[in-house]
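# sequence first, predicted coordinates after that:
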Amino acid sequence: MPPARGRCRNHAIGLAVIAAVLMSGCAYAPSASVLGAYFPDWLFCVVAGVALTVVIYLILKRLHVDHLLEPPALVYPAFVAFFALAVWLMLFQI
């Protein structure tokens, strides 16, 4: 019976160490202060991604080449994700 307790204890210690290592990434909460209120950085990145995607859409529509990007239900969300991540890398990278 005692060896099982030791093995269980070692297992619990191992899990605690893994949890501590994983939680160390949560030490910094990326946020920006806007008029005294803190907003997460990803919120600004998503808004910028949507705005840049709308600009790209309008440019493609004016050039009459928007039909080349098929299917739009996949292309435009991919643009939003790309621009959001690009804005995050350019502005909020520590």
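Received the coordinates, thanks.

# check contacts around Gly49.
Residues in contact with Gly49 (Cβ atoms under 8 Å, 6 or more residues apart in numbering) are 79-85, 87. Every residue, glycine included, has its C-beta placed from N, CA and C.

# please disregard the earlier target; I meant Pro72.
Counted by Cβ under 8 Å, 6+ apart, Pro72 has contacts Asp66.

# need the pLDDT of it.
In this model, Pro72 is scored at 87, pLDDT.

# and it, how close does it get to Lys61?
11 Å (Cβ to Cβ, to the nearest Å).

# what do you get for Val75?
Val75 is 13 Å from Lys61, by Cβ to Cβ.

# neighbour count: the two, which is higher?
Per other Cβ atoms under 10 Å, whichever of Val75 and Lys61 has more neighbours is Val75, with 17 against 11.

# surely that one meets Leu69?
Yes. Using Cβ atoms under 8 Å, Val75 makes contact with Leu69 at a distance of 4.5 Å.

# least trustworthy helix or strand in the protein by mean pLDDT?
Every helix and strand in the chain was compared by mean pLDDT, DSSP states H and E; the lowest is strand 31-34, with a mean of 69.

# just the element for the most centrally placed residue in the chain, please.
The chain has Trp42 as the residue nearest its centroid, 6.3 Å off, counting by Cα atoms, centre = their mean. In this structure, Trp42 sits in helix 41-62 according to DSSP states H and E.

# buried sites along that helix?
41-42, 44-46, 48-50, 52-53, 56-57 (16 or more other Cβ atoms under 10 Å).
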